[in-house]
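1. Generate coordinates for the sequence data below:
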Amino acid sequence: MCDSAEDCALPDGQRRKLQGGSLLQPISVDEPPTSLFPRFTRVTEGEGFYQPPFNTTLLPPIPTNKFWTPLLFSQAPVYALPFAVTLEEDADTDSWLVKVKRPTGKTLGAGRFEGQPGMDDRIQYYLNDFATRDMTLGTVDQLVNYSVTSETLLGAKVQLTDGFRTHMEVPLVQGMAYVTAKYTNTIPRIATQHAILNVNQTGNVAQIELNNGQEWRAYILANDGTPDFGFQFEQDLLANGRRRLRAAQPFTGVIRLALITSPEERQIFDAHAGVWPTGGDIKVSAASNGEEYSFEWQVEGRSGMQLLHLCLPHHLETFTNSVQTTTITATSQTKGLMKGVVGNTWTFREGPLEDLPFMFPSDTILPPRMEEIRAILTQEIDAFNVDTETQKGSWYFSGKGMQKLSYLCLVANELMGSSQLLTTCVNKLKQAFTCIIDRTCSSPTPPQLVYDLSWGGIVSEAGRATAADNANQPILMLLQDFGNPAYNDHHYHFGYYIVAAAALASLDPSWLDAGNNKVFVQTMLRDVVNPSRADTWFPMFRALDWYSGHSWSRGILYSIDGKDQESVSEEVNFYFAMHVWGRVTGNTEMQSLGRLILNVISRAHKNYFLLRDGNQNHPEQSIPNKNKVDYATWFGDNTEYIHGIQMLPVTPALLLSRSEQFCREEWESVLQYIPLMAPAETLSQTNSWKSLLLTGNLALVDQDSAYDQYAAPSMALNDGITRAYGLYWIASYRPLPTQPPVVPTTASPDTPKTTDVPVTTADLSDTTDTITPQPASGLPPVLPTTEAPISGSTAPSSETTAGPTQPVETQAPTVPPMGTTQPPPEEGTTVPVSTPDLTPIDPQQDQISAFQDMCSQRGGTYSPAYHICCDAVCPSCSDESCPAAYDSAHDTRVYACCPKSIRHFGTKCTSSSSAPCILSAMLLSGSQKESGVAEPWMWATPLTFVLVMIAGAVALWLGLCYRNRQRVAQEEARRSAYKKESGADNR
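-> Next up, the predicted model:
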């Protein structure tokens with residue numbers, strides 16, 4: 001075995017420098033072994049697995065979790081941001097129509113907060129109306145079939161036919177600025193559920209005004225993107241008194257529709273109507289060591305013209321290439337304000353990307369705590385029952401047990417080295433994998449994984465309907481194991497096994513090549529994150545939506561609200577698994593790609609899920625589903641559920657999404673008011689969610705308090721964590737050296753408080769599908785992360801670090817309107833953008849360094865384990881050597897034998913005398929530059945030192961008196977308004 005978890009990673013323990021080429025290399029191209037993964041084909045009746053793909057000419061492997069996949073098994077809307085697109089049959093003609101809607105306002109719902117005292121400012125959810133369609137595209141010919149005929153990572157194409165010939169083709173692409181339809185020898189028809197007030201056609205452009213105040217522009221083009229001046233719209237008067245538009249004669253060419261929200265947008269849409277997207281793919285160059293990736297849009301139309309497309313707020317944070325932004329904006333369903341960008345290729349830079357360890361080293365753990373953890377570790381490894389902890393008859397719950405055991409082994413390796421205890425732990429982990437892979441154990445192993453010949457993937461055998469199930473609804477068998485048979489949550493489920501396997505391989509490399517171990521684990525990886533079309537057994541990036549910046553956990557199950565995701569922390573765990581598996585197997589491409597994806601998804605989490613104060617991407621407080629945002633989980637509404645599901649499992653990768661600042665806001669706004677989180681709360685003896693909130697939040701805010709509470713023998717533990725690893729995590733925690741920089745964006749447009757009757761989603765999934773946090777009444781919006789600057793935004797962020805230069809916004813080129821006979825220019829101007837220094841600054845480390853300097857100037861001794869400046873007369877003060885009293889009013893610790901010693905709590909400190917305490921507080925939380933670095937100006941001269949001490953002491957005393965009274969009153973009010981029933985960790 002290796003002396004440390006990292007020694008076995010590569011021969012030299014270092015990451016190889018990548019050489020050219022692409023990171024999108026196949027994990028394997030081999031057929032999954034039938035001995036491990038028996039085959040099946042989906043059915044529509046009788047026994048077997050239900051839900052085969054319909055309405056497509058695609059051959060397996062077929063994507064299951066992309067935004068457009070509902071077209072293959074339902075008539076639910078699909079969300080090609082910013083449009084909601086629905087294919088529906090016309091009741092009168094039985095012809096398929098394409099109906100589109102762009103969000104203009106959101107329905108905000110108070111839900112369970114309605115009528116509760118002090119909860120007037122709270123909303124449980126918001127959603128977007130799609131029932132009233134803005135525009136409907138069809139033909140006079142009867143279109144009896146539709147089919148998805150091609151797909152890319154960023155979109156798909158749908159063809160509508162009369163049964164013999166294709167008459168209409170519609171590309172559905174993420175970020176499309178126009179709705180585009182390509183017609184072949186047919187008469188196009190355009191309708192709307194609103195009344196058409198006026199149609200003004202000039203040349204090849206028709207301006208359509210509706211009675212809801214909308215203005216749409218229709219562009220008529222030849223297939224090469226040049227204007228078609230021979231086309232003329234005519235109007236039909238319908239029986240209900242409304243009008244619709246149709247072509248005067250059969251047409252072959254393209255019609256593009258754009259919603260105009262301001263007069264200046266007309267010229268920009270006119271200038272770029274001649275080129276349209278048909279799809280898009282991802283490029284990740286190895287030359288950048290995995291720090292750059294690109295969207296390469298596939299386009300048709302005028303040669304040389306650049307594509308006008310819409311980007312999301314998180315894209316603007318990392319653009320590096322010479323792109324041109326415009327004044328075009330569009331409100332998305334759940335991701336804030338989109339921005340018009342001109343360019344056929346978008347390139348982004350994330351970085352620098354440091355390797356992530358399995359866990360932090362033990363060098364900062366105090367000796368007494370080290371001994372306590374060792375003693376608990378020995379007890380837990382000896383008592384660990386492989387059958388009951390890792391063989392639970394469920395891929396989800398068994399996986400949590402596997403990773404739990406693997407982290408006991410990693411802690412044993414770190415604290416004990418080569419020892420009998422480590423050998424015992426490793427042997428138990430091997431036994432657990434043997435039960436699952438070879439299926440030789442009598443315990444309730446997870447159901448067999450079987451290969452799906454219809455879609456292309458591995459799913460749980462639990463989804464197979466039997467004759468007995470046919471008396472009910474056999475399709476409901478797809479909900480087994482949280483929907484695993486329907487491709488729900490595979491990245492959640494399989495990530496646990498891959499992390500455990502990587503940990504085992506790092507401790508015993510020989511395990512990799514034994515039996516079917518490696519092929520089994522890599523088949524799980526291929527199912528979720530196959531990076532190459534060369535692997536023809538699995539779709540590329542099943543769960544990951546590169547455009548949205550995160551994964552979708554819903555597979556082939558119907559939802560009117562589109563795709564969704566609930567547990568972003570379990571998403572992080574999967575790509576962390578990919579990263580560490582690549583490292584221990586020497587697959588540098590996989591290692592680097594996994595690390596890149598971790599940064600990409602963490603950026604999206606900060607923008608759209610884990611919302612820090614000031615977040616502008618959501619109205620007030622909310623969290624994303626797809627079309628609807630709901631402050632809830634699929635398994636319950638308790639606040640600890642909603643927040644805790646975003647905190648498991650705890651690994652260093654989790655910190656990419658959950659910064660200290662975010663956790664502090666989450667704690668101060670919400671979590672501290674949950675009765676469960678009171679330090680002496682007896683509910684923690686039965687409610688295991690507290691163990692998650694301590695490790696996933698309080699450990700980052702107040703390590704001592706989190707450690708003391710977690711160490712209580714009576715506290716119940718979540719089924720995915722042990723007492724030994726939880727204590728080790730808290731005691732060894734330190735911020736990551738680098739985190740993805742995030743910058744603020746402009747606010748999204750005002751949204752009405754109510755626009756329609758709220759719609760709720762059915763509880764179709766499991767622990768994994770749509771959530772995040774929200775604050776207590778009267779407090780700032782919870783958990784917002786800062787966001788990308790949409791041009792013109794200048795507000796600095798305290799977390800802003802040196803990062804990529806933002807795209808330069810320019811006005812559209814001055815060109816004649818497209819409706820005139822003079823053609824528009826072939827290409828818009830672009831503004832080159834330099835690539836800046838991306839080296840991030842760690843403001844916390846700078847603050848700690850300044851704190852050390854201050855301590856030295858005072859003649860004290862700095863204690864790195866406690867972040868204490870000890871008095872010269874009492875240099876060894878600590879929790880163990882000096883009795884400490886906890887001052888609950890000030891959330892501080894006072895040392896009896898070290899009267900002048902001060903304790904660093906980030907922005908808090910403690911002392912029995914005011915002067916040194918206020919000096920520390922001013923240094924740590926005072927004047928901030930845009931880089932986030934404190935300015936230690938108060939130490940300039942001895943006189944400044946004295947004056948600051950006196951003024952600071954008076955100000956602190958007055959401020960704390962007022963703050964203490966205010967906090968006591970607030971806390972009592974919050975607790976009375978926020979009481980909820982506690983529940984067990986039961987999915």
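
2. what does the domain assignment say about this structure?
-> Residue ranges for each domain of the chain read 39-43+361-732, 69-114+123-348, 843-978, as given by automatic domain parsing.

3. Could you point out the helix or strand that follows the strand or helix carrying Leu108?
-> The secondary structure element spanning Leu108 is strand 106-109 (assigned by DSSP states H and E). Where DSSP H and E defines the elements, the next helix or strand beyond strand 106-109 is strand 125-128.

4. After that next one, which helix or strand is next?
-> Scanning forward in sequence from strand 125-128, with DSSP H and E defining helices and strands, the next element found is strand 135-139.

5. circling back: do you know which of the domains of the chain lies nearest Thr56?
-> Across these, the minimum distance to Thr56, taken as CB to CB, is reached by domain 69-114+123-348, at 4.3 Å. Where you see a C-beta, it was placed from the backbone N, CA and C, and this is true even at glycine.

6. gap between the two ends of that closest one?
-> Terminal residues of domain 69-114+123-348 are spaced 27 Å apart (CA to CA, to the nearest Å).

7. that older thread, and Asn55, which of the domains of the chain is closest to it?
-> Set against Asn55 and scored by CB to CB, these come closest in domain 69-114+123-348, at 5.5 Å.

8. average pLDDT across that closest one?
-> Within the predicted structure, the mean pLDDT of domain 69-114+123-348 is 93.

9. before we move on, back to that, list the helices and strands the strand holding Leu108 packs on?
-> Using 3 or more CB pairs under 8 Å, 6 or more residues apart in numbering; DSSP states H and E as the contact criterion, the secondary-structure elements in contact with strand 106-109 are strand 125-128.

10. re earlier: most tightly surrounded among the domains of the chain?
-> When you average the neighbours per residue for each of the domains of the chain (mean count of other CB atoms under 10 Å), domain 39-43+361-732 leads with a mean of 22.

11. so where do the helices sit in the stretch 451-600 of the chain?
-> Using DSSP state H, counting those that start in this stretch, the helices of the stretch 451-600 of the chain run over residues 480-483, 490-507, 517-529, 568-584, 588-604.

12. Dump those into TSV; add distance to Gly304 and mean pLDDT as well.
-> Putting the helices of the stretch 451-600 of the chain into TSV (distance: least, CB to CB, whole Å; pLDDT from 0 to 100) gives the following:
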stretch	distance to Gly304	mean pLDDT
helix 480-483	47	94
helix 490-507	40	98
helix 517-529	36	99
helix 568-584	38	98
helix 588-604	31	97
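
13. Kindly reformat these as a markdown table and extend each row with distance to Thr44.
-> As requested, those are arranged in a markdown table below (distance: least, CB to CB, whole Å):
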| stretch | distance to Thr44 |
| --- | --- |
| helix 480-483 | 19 |
| helix 490-507 | 23 |
| helix 517-529 | 24 |
| helix 568-584 | 32 |
| helix 588-604 | 36 |
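
14. Out of those helices, the one nearest Ser454 is which?
-> helix 517-529 (14.5 Å).

15. got the contact list for that closest one?
-> Under the criterion CB atoms under 8 Å, 6 or more residues apart in numbering, residues 27-28, 30, 32-33, 36-37, 433, 437, 457-458, 490-491, 494, 497-498, 501, 511-512, 535, 537-538, 541-544, 574-575, 577-578, 581, 585, 590, 597 lie in contact with helix 517-529.

16. Now do that helix and helix 568-584, the angle between them.
-> Counting by axes from the mean of the first three to the mean of the last three CA atoms, to 10 degrees, helix 517-529 points 140 degrees away from the direction of helix 568-584.
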